[in-house]
Each structure stands twice: as C-alpha cells, then as structure tokens.
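Peer 1: Need a 3D model of the following:
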Amino acid sequence: MRGSVRVLGVLAAFAILFGACAGSAAPAGGAASAAPAAAKAAPGGSVTFVLENDVIDFDPMRSRAFVDRNVHYQIYDSLVRIDATGKIVPWLAEKWDTAADGKAVTFSLRKDVKYHDGTAFDAESVKWNIDRYMKTTGSARAGELASVDSVTVVDPATVRFNLKTPFSPLLANLVDRAGMMVSKAVAEAAGADFTRKAFKAGSGPFVLTEAVKDDHMTLEKNPSWWGKDKDGSKLPYLDKITVKPITNSDVRLTNVKTGDAQVANNIAGKDVAVVKTDPALTYQQIASYAFDSMIPNRAKGFVFEEGRYVRAVAMALDRKEILDKWAFGVGAVGYGTIAPGHFAADPSFKPFEKPDPEGAKKLIAEVGKPLSFELLISAGDPAGLQLAQLMQAQLAKADIKTEIQQLEFAKILELQSKHEFKGITLVGWSGRVDPDGNTYDHLYSGKPFNDSSYSNKDVDRLLDEQRATSDPEKRKTALRAAEKIYVQDDPARVWYRFRAVQLLTVKKLQGLEAYPDSLIRFQYGWLQK
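Peer 2: Numbers count the residues shown, from 1 in each chain. Got it, this is the predicted structure:
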C-alpha cells in the first residue's frame, strides 16, 4: 500500500487534553488556513462528487453512516478537527485548557462565526448542542460523550465541559459528530424532518440547499465562512458541490472517467491499477483508521448467541486471500479495532493469521449443531457481492453454510440498530483518530453502536480504565488486554481488514488531500481554468 498515516496526532491529543495549557491559538487565518494547493488557487466553479450511498441522516446526533459524514464535514463545523497528519487542531474552539485533575476542559471559542441561517454561534449554542447529544433518547453520540457530566457557559465566548472522570478521548470525539455544531433555530423548526431537511443548519464552508433522496444533494458556497487560505483569501474556492449517490462502484468510476463527476473516494480494488496510470486522473492512497468486519447478531434467540460460532467463523476466514483476491492489496489484513496508525497498535497481534477450517469444524461439533446463517450485504454493488461470495466459499471449507441476501444499506443499518438482523452483516467502520472511537461504542455493553449485542464485563472494565487515564502506556495496556478478549477469547465480531484512504479526482481539480479519516475537505478544492 502506497503511503502511510503520519499519526502522532493521538499522542498529541493526550498532551493537549491533560497538559497544563492544552491547545494553542489558531494561525492567522484560523485552523483552516493550511490549504494544500501548490499553485495559485482560482475561485469559482462547480464539481460533482459520487458517493457510494445516499446520505441517511443529516442530523449529527442520529447519524450512524460514513456516507453521512461526507456531507456533514462540508456543512457543519466542529469544535476541533484533525489536520492531514492526524494531529488535533483548533477549529470553532481556538484554544482549550484542562484542569489539573483532568475533570474539566475549558474552550475559548471563535467570535466570528454565524450559522447559515444568520443565528449566532456562541457558548450557549455549544451547551445546547452538547446537552442535546447527551440527553436525547436515541442519540448516537451519547456513548462518545458518556464521561461529560455537564456543560457550563462561562461567558459568550467560553464554555467549560465538566467531566465525571478524566476522559482522555474527549478531544478526539469532538473532532467528529459529537463536536459538530447545529443551529438550534433550524433544528427545532424542522423537528423530525431535520433528518432530511437540515437546510442552513450548519456554520461550515458549504450550505445544504437541496436534497433529493437517492438522486442528488446540492451544497453551495458559504460566502461568510470564517476560514481563509495561507494568503488570507477567503475559503472556500468552489461555488457548488453536487453529491450524487451511486451504489455501483463500476458506475461511479465511469462517471469520473467520462467527466460527469470530478471526485470519488471509494474505488474498487480491481480498478486501482488502472486509475493510477490514467493521465487524466489523480489517485491518492494512504493508510486509514477504518476497519472492515463481519457483524454477528449475538442477541438472545439468534444464531450467534452462541459465541463459539463467532469464533468458528473467525477461524475459517482467509483474510490474506480476501486482501489479495478481492481488495487487490488495497489496505491491510486486520484482526480488531486498533488500526496500525493508532498508538495502541501491536503488529504482532495476529490471532487468526492462517485459516483453520478443521479447527472451526471441531468447535462447531462441540456446540452440537451445524452452523448455517444469513449473510446480509448492501444491494447494488458488484464488488460487495464478490466479497460475500468469496467469504461464502471460504466458510464452506469448514462446512459453514451461508445464504447471501442483499438489502438497501439504510435498511441494514436500521436492522442493526434494532438488533433484528438474522445472522451476519457486512458493514464497515470509517475509523477515528483515537482507538477509543473505534472500540468503545461498538463493544461496551448497551452502547449505541454495539450492533452485535456484545457484552463482556472484563471488556467493559478495561475500556473504562483506558478512558480515565492520561498515561498512553496505561491506556495501551488496557486496550490491548480488551482487544485480546473481544477478538480472540470471546469474539464480538470477525474483523478481516483495515482499509486504505482513497481519493480520486480529475487532474483539473486541485487542492484536495487525502486525510486519514477518509473525509474530503472540499473547502480547499479549486478548479484550474
């Protein structure tokens, strides 16, 4: 895999969160000033971005999908962000300070920000947003903010997070949807419709002006955005972004090659060699925090309530063959949630390095009943079907029978959130800068993203321990002990790959850079005239 993640940002986050003076003032143009464009940027123009599925939910509070975040990052600002190296940087919060006991973090906010509807961004708005994320029934952000006790408005430009215990992943969680700020006026006026009609709700570089389900979304330039480039010129450069959901990976690529679209960030492995050599295209690839896993439903009454069945699938799977024959070497073999770029990674952790179908057969024989299950995949993408068929053939060597079923992606997420899917789903995770964001909500008993209904008291205890300490070595020890349990001893899921960040653009689209969270920063993009 070409490139690597320069991810000292997680360790920097520890120093930022628990240091005596955590954070620093933004550079002259704010944190958004580091546009990576090599040549003189030209304002104006429109681009089309082809996305693998339609956005499901425009509300950061309820959103569970990576496709949602691709639009969220354009229309919403968050309190902090990461730069292209993975380092946490100021955004709506210009700086922050942490109390000596680690139980309070005080943020100093930008004073030049308004929401797209003209209402003010201030400390009261931060408090309203965080309270909403923490206290609303069904919030997908509740677990990410579980250690926050309350939010206090110090003054209009200063807000304090009061913590139940020291909470090392706080800043990393505020990088994403838990830290995204939404206009109270727009959210309350839209009510339940806000999930699809978040018009003028953000303060980000682009304004959502149109959303036609399964057809397109229109994002228009926010002329009042606070970000500036390195020369002091206002960002963003582009006038408009049209986002088109296309589930078929072949069709997405065709759109870029014919000029009907100018950017994509999900390329089938079989096509990577071709796009690398196409003189009309620019392809970027770096390592990612994202993982791919098979998610079994371990709830009572379902096939995988029996944990030995999960381990049998993990033993029978040939991860290297998947990487080589399906992903064409894009990414890396994976065994858990902690990606190679995370500070807690252990490259020697390879519990299922080689497939063991005979061992899987013996384990199933111990249970006393043959293993047969439904493998549920997202409809409309031939690459996804090919992966499922490869897995089906691998598992058959262990006498494990799978029935492949295809369903709309949004419906699969709904079944997962309700814990109603019959067997296993194939839904990936787009990754977070801190390993806690890849792990806690997915594996802690009863948390919002624990779609497998997994529950292990030792895992819960270890994940709580790593959250409450600022010492990277103590965090790593707890995270490693937890991963051994939920991957190997009492498997919650079957992990098989760490993804790569992919960014494909036409040559004339300049200024965009691959970030380790896989999200495009369109405010830096510009078109050569």
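Peer 1: rest of the way, CA atoms for contacts and neighbours
Peer 2: Noted.
Peer 1: Any regions of this protein where pLDDT drops low?
Peer 2: Applying pLDDT under 70 to the chain flags residues 1-38.
Peer 1: mind redoing it with 80?
Peer 2: 1-39 (pLDDT under 80).
Peer 1: which helix is the longest one in it?
Peer 2: Taking DSSP state H as the criterion, the chain has its longest helix at helix 382-396.
Peer 1: list the buried ones in it?
Peer 2: Residues of helix 382-396 classed as buried: Ala383, Gly384, Leu385, Leu387, Ala388, Gln389, Leu390, Met391, Gln392, Gln394, Leu395 (neighbour count, 16 or more other Cα atoms under 10 Å).
Peer 1: Equivalent analysis for stretch 247-260, please.
Peer 2: By neighbour count with 16+ other Cα under 10 Å, stretch 247-260 contains the buried residues Thr247, Asn248, Ser249, Arg252, Leu253, Asn255, Val256, Lys257.
Peer 1: Looking at the backbone only, give me phi and psi for the residue nearest the centre of the chain.
Peer 2: In the chain, the C-alpha nearest the mean C-alpha coordinate belongs to Ser430, at 3.5 Å (Cα atoms, centre = their mean). Phi and psi for Ser430, reported as degrees, to the nearest 10, are phi -80, psi -10.
Peer 1: and the closest residue to it other than its chain neighbours, which of the three is it?
Peer 2: By the measure of Cα to Cα, 6 or more residues apart in numbering, the closest residue to Ser430 outside its immediate chain neighbours is Ala290, 4.4 Å from it. At Ala290 the chain is in strand, as set by DSSP: H, G, I helix; E, B strand; the rest coil.
Peer 1: re earlier: adding distance to Ile377 and secondary structure, write the buried residues of stretch 247-260 out as TSV.
Peer 2: Formatted as TSV, the buried residues of stretch 247-260 follow (distance: Cα to Cα, whole Å; DSSP: H, G, I helix; E, B strand; the rest coil):
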residue	distance to Ile377	secondary structure
Thr247	12	coil
Asn248	13	coil
Ser249	15	helix
Arg252	19	helix
Leu253	21	helix
Asn255	24	helix
Val256	25	helix
Lys257	27	helix
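Peer 1: Which of those sits closest to Ala344?
Peer 2: Nearest to Ala344 among those: Ser249, at 33.3 Å, using Cα to Cα.
Peer 1: need the contact list for the closest one.
Peer 2: Glu52, Asn266, Ile267, Ala268, Asp381, Pro382, Ala383 (Cα atoms under 8 Å, 6 or more residues apart in numbering).
Peer 1: Buried ones only from these, please, as a ChimeraX command.
Peer 2: One line in ChimeraX is enough to select the buried members of the contacts of Ser249, burial here meaning 16+ other Cα under 10 Å:
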select :52,266,267,268,381,383
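Peer 1: Serialize the contacts of Ser249 to TSV and add fields for distance to Trp91.
Peer 2: Output for these, formatted as TSV (distance: Cα to Cα, whole Å):
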residue	distance to Trp91
Glu52	28
Asn266	27
Ile267	30
Ala268	33
Asp381	36
Pro382	39
Ala383	37
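Peer 1: quick one: which of the contacts of Ser249 is nearest Thr98?
Peer 2: Among those, and counting by Cα to Cα, the member closest to Thr98 is Asn266, at 38.4 Å.
Peer 1: just checking, Asp83 touches Tyr515?
Peer 2: Yes - Asp83 is within contact range of Tyr515, at 7.5 Å (criterion: Cα atoms under 8 Å).
Peer 1: who's more crowded, those two?
Peer 2: Tyr515 (24 against 18; other Cα atoms under 10 Å).
Peer 1: and the closest residue in space to the more buried one that isn't next to it in sequence, what does it touch?
Peer 2: Excluding the flanking residues, the one nearest Tyr515 by Cα to Cα, 6+ apart is Ala84, at 4.9 Å. Ala84 is in contact with Glu513, Ala514, Tyr515, Pro516, counting by Cα under 8 Å, 6+ apart.
Peer 1: Now do the SS call for the first one.
Peer 2: Reducing the assignment to helix, strand or coil with three-state DSSP, the entry for Glu513 is coil.
Peer 1: Quick check: the residue nearest to Tyr515 vs Asp68, distance?
Peer 2: 20 Å (Cα to Cα, to the nearest Å).
Peer 1: picking up where we left off before, list the contacts of the residue nearest to the centre of the chain.
Peer 2: Applying Cα under 8 Å, 6+ apart, the residues near Ser430 are Phe66, Tyr289, Ala290, Phe291, Asp517, Ser518.
Peer 1: returning to that earlier point: okay, the buried residues of stretch 247-260 in JSON lines with distance to Asp460 next?
Peer 2: JSON lines is the format used below for those (distance: Cα to Cα, whole Å):
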{"residue": "Thr247", "distance to Asp460": "36"}
{"residue": "Asn248", "distance to Asp460": "39"}
{"residue": "Ser249", "distance to Asp460": "38"}
{"residue": "Arg252", "distance to Asp460": "41"}
{"residue": "Leu253", "distance to Asp460": "42"}
{"residue": "Asn255", "distance to Asp460": "46"}
{"residue": "Val256", "distance to Asp460": "45"}
{"residue": "Lys257", "distance to Asp460": "48"}
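Peer 1: Which of those sits closest to Pro223?
Peer 2: Minimum distance to Pro223 across these is 27.7 Å, recorded for Val256 (Cα to Cα).
Peer 1: The closest one and Ala280, how far apart?
Peer 2: 10 Å.
Peer 1: okay, and the common contacts of the two?
Peer 2: Val506.
Peer 1: one step back: how far away from the center of its chain is the longest helix of the chain?
Peer 2: Helix 382-396 sits 24 Å away from the centroid of its parent chain (Cα atoms, centre = their mean, to the nearest Å).
Peer 1: which residues touch it?
Peer 2: With Cα under 8 Å, 6+ apart, helix 382-396 has contacts from 248-249, 268, 313, 316-318, 322, 326, 357, 375, 377-378, 401-402, 404.
Peer 1: For those, which single residue is the most surrounded?
Peer 2: Leu317 (29 neighbours).
Peer 1: My read is that that one contacts Glu358, right?
Peer 2: No - using Cα under 8 Å as the test, Leu317 is too far from Glu358 to be in contact (11.7 Å).
Peer 1: Which stretches in the stretch 401-529 of the chain count as strands?
Peer 2: Assigned by DSSP state E, counting those that start in this stretch, the stretch 401-529 of the chain shows strands spanning 401-407, 424-426, 494-506, 509-510, 526-527.
Peer 1: quick one: strands adjacent to the longest one?
Peer 2: Looking back up the chat, that one is strand 494-506. strand 263-264 (antiparallel), strand 281-296 (antiparallel), strand 332-333 (antiparallel) (DSSP bridges).
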